[in-house]
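Trainee: Kindly return the folded structure for what I paste below:
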Amino acid sequence: RPLPASSQLLWVLLWATVLGLLCQRLAARLGVVTGKDLGEVCHLYYPKVPRTVLWLTIELAIVGSDMQEVIGTAIAFNLLSAGRIPLWGGVLITIVDTFFFLFLDNYGLRKLEAFFGLLITIMALTFGYEYVVARPEQGALLRGLFLPSCPGCGHPELLQAVGIVGAIIMPHNIYLHSALVKSREIDRARRADIREANMYFLIEATIALSVSFIINLFVMAVFGQAFYQKTNQAAFNICANSSLHDYAKIFPMNNATVAVDIYQGGVILGCLFGPAALYIWAIGLLAAGQSSTMTGTYAGQFVMEAGVQWRDLRLTATSTSWVQAILLPQPPDQLGLQATTPS
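Mentor: Numbers count the residues shown, from 1 in each chain. This next block holds a predicted model:
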């Protein structure tokens, strides 16, 4: 039976996760064996011009990533407050609470790791709930995961595939992982201790990326099941006939395929499966955005410290992307948010 088009790129997610595990494995080995993170190694072994270009490139990637994550968190606040918190207000809240949570590492890195674990658990539960209520076809999902094919795919599908790979394998997270393993006490004079540390870091990375894969699969399956090839008119009708009818106006009444973003995605889920689905989606989005913003902040700190050889640059390393994130949401239409208040 032909594979539904909404499941054709799931194999890209699977193999991007496998490749991401390989990158994390190499990053951990670098940190364990040398006692230095990737940024420090680049600074030591690359000539000035290549290492400066590399540093600036990674900083730009972090700025772009942070902007998306901060705005995503702001959208979650907007959805949870039924539009009462504007995007710029959500960005400010995100900046303040991110700094607050990051200072947990003053009480020990393990407490910060526990907080990350809590956020990941919230993501798994909320997006898992959306997966259950959307009820995607399980056979199509399995075939999409394990049968690499994409008949009839063109430029849009290629862009989606590249986006999936880029979302899974983020270069700054490789820098981050190589730095975080240094927090463990390892006797580098003993090869047995190094091998043992590498083994446990591989197990840790495998578990983390397996959970990440499941969460990403939940999100892709839900979007494929609920939104694939729906028109704006269909989305308008669905919302107009639901308890969230005030949201119907964000969809223009035409037969163009609906361009679902994380805001409209939550709205359509709420219209299809009830208000609980909307708010649970927003909670999951909030946890995902907060977790990603914090990891991006940490990665930016390590990258900038290695690039300019200064310490304690947490504020400087992240202020650029956050200032841009505050300025960007002023015109909501630029983000695909036709309306941030349903009433």
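Trainee: Looking at residue 238 now. What's its pLDDT?
Mentor: If you check residue 238, the pLDDT there is 90.
Trainee: Likewise for the one 5 residues further on?
Mentor: Among the per-residue scores, residue 243 holds a pLDDT of 88.
Trainee: To which secondary structure element is the residue nearest the centre of the chain assigned?
Mentor: Centroid check for the chain by Cα atoms, centre = their mean gives residue 292 as the closest residue, at 5.7 Å. In the assignment (DSSP states H and E), residue 292 maps to helix 275-308.
Trainee: which helices and strands sit right next to that helix?
Mentor: helix 38-45, helix 48-80, helix 87-102, helix 109-134, helix 171-180, helix 262-273, helix 314-327 (3 or more Cβ pairs under 8 Å, 6 or more residues apart in numbering; DSSP states H and E). The way it works is simple: take the backbone N, C-alpha and C, and place the C-beta from them, glycine included.
Trainee: got TSV for those, with mean neighbour count and distance to residue 297 too?
Mentor: Below are the helices and strands packed on helix 275-308 laid out as TSV (neighbours: other Cβ atoms under 10 Å; distance: least, Cβ to Cβ, whole Å):
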stretch	mean neighbour count	distance to residue 297
helix 38-45	18	15
helix 48-80	19	7
helix 87-102	18	6
helix 109-134	17	11
helix 171-180	23	10
helix 262-273	24	20
helix 314-327	18	5
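Trainee: Throw those helices into TSV and include mean pLDDT, thanks.
Mentor: Output for the helices and strands packed on helix 275-308, formatted as TSV (pLDDT from 0 to 100):
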stretch	mean pLDDT
helix 38-45	88
helix 48-80	86
helix 87-102	81
helix 109-134	85
helix 171-180	87
helix 262-273	88
helix 314-327	54
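Trainee: nearest to residue 210, of those?
Mentor: helix 109-134 (11.0 Å; Cβ to Cβ).
Trainee: now the angle from the helix holding residue 292 to helix 171-180?
Mentor: Relative orientation of helix 275-308 and helix 171-180, computed by axes from the mean of the first three to the mean of the last three Cα atoms, to 10 degrees: 70 degrees.
Trainee: tell me the mean pLDDT over helix 275-308?
Mentor: 84.
Trainee: Show me which residues of it are buried.
Mentor: Using 16 or more other Cβ atoms under 10 Å as the test for burial, helix 275-308 gives 277-307.
Trainee: Over to stretch 209-220?
Mentor: Result for stretch 209-220 [16+ other Cβ under 10 Å]: buried residues 209, 212-213, 215-220.
Trainee: Specify which member of those is nearest to residue 236.
Mentor: Closest approach to residue 236 among these (Cβ to Cβ): residue 219, at 23.6 Å.
Trainee: Next one: that closest one from residue 232, what distance?
Mentor: To residue 232, residue 219 is 22 Å away according to Cβ to Cβ, to the nearest Å.
Trainee: got a list of what residue 253 touches?
Mentor: 232-233, 236 (Cβ atoms under 8 Å, 6 or more residues apart in numbering).
Trainee: Let me know the secondary structure of it.
Mentor: For residue 253, the assignment made with DSSP: H, G, I helix; E, B strand; the rest coil gives coil.
Trainee: Need the residues that contact stretch 196-216.
Mentor: By Cβ under 8 Å, 6+ apart, stretch 196-216 touches 13-14, 17, 20-21, 24-25, 28-29, 32, 120, 123-124, 127, 167-168, 177, 181, 184, 186.
Trainee: Hmm, I typed the wrong one, I wanted stretch 256-271.
Mentor: Here stretch 256-271 makes contact (Cβ under 8 Å, 6+ apart) with 72, 75, 78-79, 130, 134, 222-223, 226-227, 229-232, 234-235, 238-239, 242, 244, 247-248, 250-251, 277-279, 281-282, 285, 335-337.
Trainee: Now for the residue nearest to the centre of the chain: which residues touch it?
Mentor: 65, 69, 72.
Trainee: if we go to 7 Å?
Mentor: Shown in contact with residue 292 (Cβ atoms under 7 Å, 6 or more residues apart in numbering): residue 69.
Trainee: mind checking how far it is from residue 176?
Mentor: Separation of residue 292 from residue 176 (Cβ to Cβ): 11 Å.
Trainee: go on, residue 240?
Mentor: 45 Å.
Trainee: Residue 24 now?
Mentor: Residue 24 is 10 Å from residue 176, by Cβ to Cβ.
Trainee: Equivalent analysis for residue 232, please.
Mentor: 40 Å.
Trainee: For residue 145, which of the helices and strands packed on helix 275-308 is the nearest?
Mentor: Checking the helices and strands packed on helix 275-308 against residue 145 by Cβ to Cβ gives helix 109-134 as the closest, at 14.3 Å.
Trainee: from memory residue 233 sits against residue 240, does it?
Mentor: No. Using Cβ atoms under 7 Å, residue 233 makes no contact with residue 240, being 10.2 Å away.
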